[in-house]
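Colleague: Here's my sequence, what's the structure:
(2 chains, ligands or ions: 1)
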Amino acid sequence: MKVTVDEDRCCGAGTCVLLVPEVFDQREDDGVVVLLEAAPAEGFHAAVREAANVCPAAAITVAETA
Amino acid sequence: MTSTVDTSPAEVPDFPMERAAGRPFDPPPAARAKQEESALTRVRLWDGSTPWLVTRYAEQRALLSDSRVSADIATPGYPSPAPLPKDGGSRISFILMDDPEHNRLRRMVTAPFSMRRVAAMRPAIQQIVDDRIDELLAGPRPVDLVEAFALPVPSLVICELLGVPYSDHDFFQENSKVIVRRAASHEERMAGHAALSGYLERLVGEKEANPADDLLSGLAVRVTAGELTRAEAAQMGVLLLIAGHETTANMIALGTLALLEHPDQLALLRSSDDPKLVASATEELLRYLNITHNGRRRAVVEDIEVGGEVVRAGEGLILANDIANRDTSVFEDPDRLDITRDAHRHVAFGFGVHQCLGQQLARLELQIVYSTLYRRIPTLALAGDLADIPFKHDGSVYGVYELPVTW
Ligand code: SF4
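Modeller: From the prediction side, this is the model:
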């Protein structure tokens, strides 16, 4: 799995951090998403997919590579 | 006779719709019925306009994140809940703007609402909640829980975060009340706004001279740097002050009433030590009660095909999040309050780039309240009949005006 984030779209509501703090964080000065782990471990895949799904700004993209 | 079209005046229902008698926690049955028929339906507003009511979850999320949809109240077709002032003073804040302007202004106030910064406020909020419960327990009963607890807790929290003196709470609570009351006249609402704006402009001015460690001071620094006008900073302050205490206060009081009416759920919440259950109970109450019951308002700027309909440029959209939160395709048995369900996909905070900025703070406050109040006052009970409780049917935020309780 490969994860990318679009900082320009992010509205900083933090839903992704709430769901998977191991993979997403927020920038200190403006709350914009910070990707901690572009290739998260298997165990986080479901939660990362869910984070991409509920991200209100569609700022998270998940590519399901082998 | 020409053939009838389904937009003939008689068939378009008025909006807002009414809740059913004796079902204060459920959205209007007429809107639910529409949801079963189709994803989009026409409704008639106070001014005779007939925007689309978007009733289903999937279509709502799609439209709220579509760039052909505008949140700007000045866009043609925008379904305004009340007459617009002629001077354009209605564009009170970034919630009624589109990107890039919306994004620029919103990012100036996002940092204090990030997960980490909010989590750091936990001890301070717990202290506020504990102190208010001490006062409740030492005071008379029955007592109005709204006045004595539900309103003070989030007001104290947002005052601390913004840097507004809580000693002014009578003033800003009174003015906020007028602004969110649907039945208030246009003049009353504008006067409320003017009073709050003036107050916050003065406060921002003071912080320009004397910045402290709070959100308004952060804005004051930007005013000094020329990135923002003092009036813009004051408008953001008004928005955050109102949004910060009106909504959470209603979730506290209405949530408590809902739990008292569902004793099995209350018992479950009170007897568990699991923070996960507290978190899921909070999401479920947000979903089930959905206190912003007038829908998100938008205008369409380019034709869009959605849910088997083509919505045209210049048409208005009302995205009924309360109905979406009862969509059976997303939530099983949606009319049942079940604090153990996973409700995190609810749209009580909206969806798209305008999704509630303060949602993590609201979550934390509610989690602390819901896990503390009923434990410390285990015999908390309604003092009177449910039928006598005054509900805020006329407000842009739903809730109860009063909640008499005893223990
Ligand atoms: S959920 Fe989306 S919008 Fe919110 S912080 Fe994460 S990436 Fe940004």
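Colleague: contacting residues for the one residue in the stretch 1-150 of chain B that gets nearest to chain A?
Modeller: Per C-beta to the nearest C-beta, the residue of the stretch 1-150 of chain B with the smallest distance to chain A is B:Thr110, at 3.7 Å. Heads up, the C-betas are built off the backbone N, CA and C, glycines and all. The contact partners of B:Thr110, by C-beta atoms under 8 Å, 6 or more residues apart in numbering or on different chains, come to A:Cys11, A:Gly12, A:Asp30, A:Gly31, A:Val32, B:Leu357.
Colleague: Spatially, which residue comes closest to the third one, not counting chain neighbours?
Modeller: Using C-beta to C-beta, 6 or more residues apart in numbering or on different chains and skipping residues adjacent in sequence, the residue nearest A:Asp30 is B:Arg107, 4.7 Å away.
Colleague: Can you read off the backbone torsions of the one you found?
Modeller: Main-chain torsions, B:Arg107, degrees, to the nearest 10: phi -70, psi -20.
Colleague: For it, give its distance to B:Glu160.
Modeller: Distance, B:Arg107 to B:Glu160, using C-beta to C-beta, to the nearest Å: 22 Å.
Colleague: repeat for B:Asn290
Modeller: 27 Å.
Colleague: Likewise for B:Leu196?
Modeller: 18 Å.
Colleague: Can you pick out the residue with more neighbours from these two?
Modeller: Neighbours were tallied for B:Leu196 and for B:Glu160 using other C-beta atoms under 10 Å in any protein chain shown; the higher tally belongs to B:Leu196 (24 against 16).
Colleague: Check which residues of whatever helix or strand the more buried one lives in are buried.
Modeller: B:Leu196 is located in helix B:186-209, with elements delineated by DSSP states H and E. Neighbour-count burial for helix B:186-209 flags B:189-190, B:192-193, B:195-197, B:199-201, B:203-204, B:207-208 (criterion: 16 or more other C-beta atoms under 10 Å in any protein chain shown).
Colleague: B:Arg42 bridge partners, please.
Modeller: B:Trp52 (DSSP bridges).
Colleague: and it, how many neighbours does it have?
Modeller: Quick note: B:Arg42 (other C-beta under 10 Å) scores 18 neighbours.
Colleague: you'd agree it is up against B:Trp52?
Modeller: Yes: shown here, B:Arg42 and B:Trp52 form a contact pair, counting by C-beta atoms under 8 Å, at 6.3 Å.
Colleague: intersection of neighbour lists for these two?
Modeller: When C-beta under 8 Å, 6+ apart defines a contact, no residue borders B:Arg42 and B:Trp52 alike.
Colleague: Strands of the chain, residue ranges please.
Modeller: With no chain named, the answer covers chain A. A:2-5, A:24-26, A:33-35, A:60-63 (DSSP state E).
Colleague: my bad, chain B
Modeller: Using DSSP E, strands in chain B cover B:40-42, B:52-54, B:69-70, B:143-144, B:296-300, B:304-306, B:309-311, B:316-319, B:381-382, B:404-406.
Colleague: contact partners of stretch B:18-35?
Modeller: Applying C-beta under 8 Å, 6+ apart, the contact partners of stretch B:18-35 are B:13, B:16-17, B:41, B:53, B:55-56, B:254, B:258, B:261, B:288-290, B:293, B:320, B:322-323, B:326-327, B:335, B:337, B:386-387, B:389, B:391, B:393.
Colleague: ChimeraX command for the buried members of the residues you listed?
Modeller: Remark: buried members of the contacts of stretch B:18-35, expressed as a ChimeraX selection using 16+ other C-beta under 10 Å:
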select /B:13,16,17,41,53,55,56,254,258,288,289,290,293,320,322,323,326,327,337,389,391
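Colleague: still on that earlier bit, output the contacting helices and strands for the helix holding B:Leu196.
Modeller: helix B:169-180, helix B:215-224, helix B:230-261 (3 or more C-beta pairs under 8 Å, 6 or more residues apart in numbering or on different chains; DSSP states H and E).
Colleague: burial count for the residue of the stretch 201-350 of chain B at minimum distance from chain A?
Modeller: Of all residues in the stretch 201-350 of chain B, B:Arg345 sits closest to chain A, at 6.0 Å by C-beta to the nearest C-beta. Residues near B:Arg345, counting by other C-beta under 10 Å, number 17.
Colleague: Show the buried residues in the contacts of B:Thr110.
Modeller: Here, 16+ other C-beta under 10 Å leaves A:Cys11, A:Gly12, A:Asp30, A:Gly31, A:Val32, B:Leu357 buried among these.
Colleague: Distance of the residue lying closest to the second one once chain neighbours are set aside relative to A:Glu50?
Modeller: Okay, so that is A:Gly12. Distance criterion C-beta to C-beta, 6+ apart; nearest residue to A:Gly12, sequence neighbours excluded, is A:Gly31 at 3.4 Å. Look at A:Gly31 and A:Glu50: by C-beta to C-beta, they are 20 Å apart.
Colleague: Next: B:Ser280.
Modeller: 15 Å.
Colleague: Kindly report the same for B:Lys34.
Modeller: B:Lys34 is 29 Å from A:Glu50, by C-beta to C-beta.
Colleague: Same question for B:Ile179.
Modeller: Using C-beta to C-beta, B:Ile179 is found at 36 Å from A:Glu50.
Colleague: okay, these two: which has more neighbours?
Modeller: B:Ile179 (20 against 17).
Colleague: what sits against that one?
Modeller: For B:Ile179, the contact set (C-beta under 8 Å, 6+ apart) comprises B:Arg189, B:Gly192, B:His193, B:Leu196, B:Ile242.
Colleague: repeat that with 7 Å
Modeller: B:Ile179 is in contact with B:Arg189, B:Gly192, B:His193, B:Ile242, counting by C-beta atoms under 7 Å, 6 or more residues apart in numbering or on different chains.
Colleague: One more: B:Val405?
Modeller: By C-beta under 7 Å, 6+ apart, the contact set of B:Val405 is B:Pro142, B:Val143, B:Leu145, B:Leu380, B:Ala381, B:Leu382, B:Ala383.
Colleague: Spatially, and excluding backbone neighbours, which residue is closest to the third one.
Modeller: What it means is B:Leu145. Once flanking residues are discounted, B:Leu145 sits nearest to B:Leu403: 4.2 Å by C-beta to C-beta, 6+ apart.
Colleague: one step back: near the ligand, from the buried ones among the contacts of B:Thr110?
Modeller: A:Cys11, A:Gly12 (C-beta under 6 Å from any ligand atom).
Colleague: residues from the stretch 1-150 of chain B in reach of chain A?
Modeller: Applying C-beta under 7 Å from any C-beta of the partner chain, we find that the stretch 1-150 of chain B lies next to chain A at B:Ser65, B:Arg106, B:Arg107, B:Thr110, B:Ala111, B:Phe113, B:Ser114, B:Met115, B:Arg116.
Colleague: what do you get if the cut-off is 10 Å, keeping everything else the same?
Modeller: Residues of the stretch 1-150 of chain B found near chain A (C-beta under 10 Å from any C-beta of the partner chain) are B:61, B:64-65, B:99-100, B:102-103, B:106-119.
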